[in-house]
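Asker: pasting the sequence and the predicted model now:
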Protein chains: 2
Amino acid sequence: MMKTSTSTQDYLKRIYELTECGEPASTNDLARELNIKPASVTGMIQKLAAEKPALVEYQKHQGVTLTTSGKRAALEVIRHHRLLEAWLVQTLGYSWDEVHEEAERLEHAISEDFERRIAAALGHPTRDPHGELIPTEDLKMPADDSTPLSALRPNQSATIQRVISQDPDLLRHLESLGLIPGIQIEVTEYSSFDNNLTVKVGKKQNVLGLNITTKIFVEIL
Amino acid sequence: MMKTSTSTQDYLKRIYELTECGEPASTNDLARELNIKPASVTGMIQKLAAEKPALVEYQKHQGVTLTTSGKRAALEVIRHHRLLEAWLVQTLGYSWDEVHEEAERLEHAISEDFERRIAAALGHPTRDPHGELIPTEDLKMPADDSTPLSALRPNQSATIQRVISQDPDLLRHLESLGLIPGIQIEVTEYSSFDNNLTVKVGKKQNVLGLNITTKIFVEIL
DNA sequence: AAAATAATTTAGGTAAGACTAAATTTAATG
DNA sequence: CATTAAATTTAGTCTTACCTAAATTATTTT
């Protein structure tokens, strides 16, 4: 296929993330995610849409989606990123709030050989340290059946699968509460006024607001 | 200090290598090492010499040398490269003929934190898998007291310290002969006509030409 | 030392990818 | 539905780092 540049890879990755909901990604959202001005994003998107095999589908004012080639390239980068996060945590003792930044740069620099070696060394993991699914070697994204914690109600138990955040401060906070992937929890109270959930983790009870409960995804037991 | 770009780092690294002999590096040699046209090298060198703290010393037609800042930046990259080579060989099973290319890209992408972590994980090694000295954390290049194998004569014994080559074919060949860093050898014959040396490695005897014996550096016992 | 050859530099150009400012299109509001 | 506001695109610049072709300086040969 194509040799994609670092910037192209960043664009494709962000577009993948923004379009996971089914909606095309807007220029503005993309600009915000990439820390690039909207005008520049428009220009770059036009270039990506004009590549020999087009990487994105684009119509003025209608937003962007990935083509099959574009999605493949995006999943390649995402696989690199998530394998790297897992590898950095497991072999170099990075904490889950530190790995993101390092992986963000390394993901563009590693070879396919390197990818295969760390995947094998880790035993072909399916999730990264945040619980995000790792695309398979043939670049398919496994199905995810998890539920947002915010949808649970008293007396429901669940296992935490993923935590959607790259913010080190939030991640450290959640870790201090014991809210990390793999942990079992139980909902004991729910307030319909502010949507707070009271969640039992081990012996501790924590009251969590929507800004947290929508970022934690669980498998209901 | 400065944030140096990938290309700047490549230039500084090559200039460091080419000036190790004491002579300034020529535009042409640099161009050959970097796979870049001489005209482009001139332009880039002029830019490096014009940086706020100059990275190179440059006078038209006289070649380039590194300034103190430039040398520091070069040693930083070289430390990254050599630590990465050691790391890739030790933890991911790369062979010494495969690591160079991978390290060549990763060296520009890793953080200082990453550097410290792999250095610690490896026990602060002083040489990479080729036997090249690794610059210290405070960016000093340790003194090297090794001798080229080509200078040895019959009945001298030595330990191989470094093999100066990035060529995978040559490296695999040397490995098949047992000529790798750490191994002990003994010179049994010398031909003053073609400068061939006969070298005993373990039980095997090998006749080696100048093109090999000048690339292997040893510590005489 | 002059001529030929090799190395180096200048000049001018290109491609990526970002930016600002201005124009335009879509969406939201009265 | 007209108007304002927000989002998006166009147009024109800039920087980095490369290239080719032509001019210049060094070096080597005769």
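Answerer: That came through fine.
Asker: any idea what the nearest residue to A:N155 once chain neighbours are set aside is bridged to?
Answerer: Spatial nearest neighbour of A:N155, excluding adjacent residues (C-beta to C-beta, 6 or more residues apart in numbering or on different chains): A:V187 at 7.0 Å. C-betas here are computed from N, CA, C, even on glycine. When bridges are called by DSSP bridges, A:V187 pairs up with A:V199.
Asker: any idea how far DNA strand D is from A:V187?
Answerer: Separation of A:V187 from DNA strand D (C-beta to the nearest atom of the strand, to the nearest Å) stands at 35 Å.
Asker: could you do A:T147 as well?
Answerer: A:T147 is 30 Å from DNA strand D, where distance means C-beta to the nearest atom of the strand.
Asker: one more: A:A74?
Answerer: 19 Å.
Asker: close to DNA strand C, is the host helix or strand of that residue?
Answerer: Following DSSP states H and E, one finds A:A74 within helix A:68-92. No. Figure legend: helix A:68-92 not in contact with DNA strand C (C-beta under 7 Å from any atom of the strand); closest approach 12.7 Å.
Asker: show me what the helix or strand following that helix is packed up against.
Answerer: Going down the chain from helix A:68-92, the next helix or strand is helix A:99-106, by DSSP H and E. The contact analysis (3 or more C-beta pairs under 8 Å, 6 or more residues apart in numbering or on different chains; DSSP states H and E) places helix A:99-106 against helix A:68-92.
Asker: so A:H108 touches B:H108, yeah?
Answerer: No. Assessed by C-beta atoms under 8 Å, A:H108 is found out of contact with B:H108, at 9.9 Å.
Asker: next, the buried residues of stretch A:59-73.
Answerer: Counting neighbours by 16 or more other C-beta atoms under 10 Å in any protein chain shown, one finds that the buried residues in stretch A:59-73 are A:63-67, A:69-73.
Asker: now, which of the residues you listed sits nearest DNA strand D?
Answerer: A:G63 (6.0 Å; C-beta to the nearest atom of the strand).
Asker: what's the closest non-adjacent residue to A:S146?
Answerer: A:F217 (3.9 Å).
Asker: contacts only, for that neighbour.
Answerer: A:131, A:144, A:146-149, A:160-164 (C-beta atoms under 8 Å, 6 or more residues apart in numbering or on different chains).
Asker: pLDDT of the helix holding A:A74, averaged?
Answerer: When pLDDT is averaged over helix A:68-92, the result is 97.
Asker: sorry, back to before: okay, and the residue nearest to A:S146 sits in which element?
Answerer: For A:F217, the element it lies in under DSSP H and E is strand A:216-220.
Asker: likewise for A:A158?
Answerer: Per DSSP H and E: strand A:157-163 holds A:A158.
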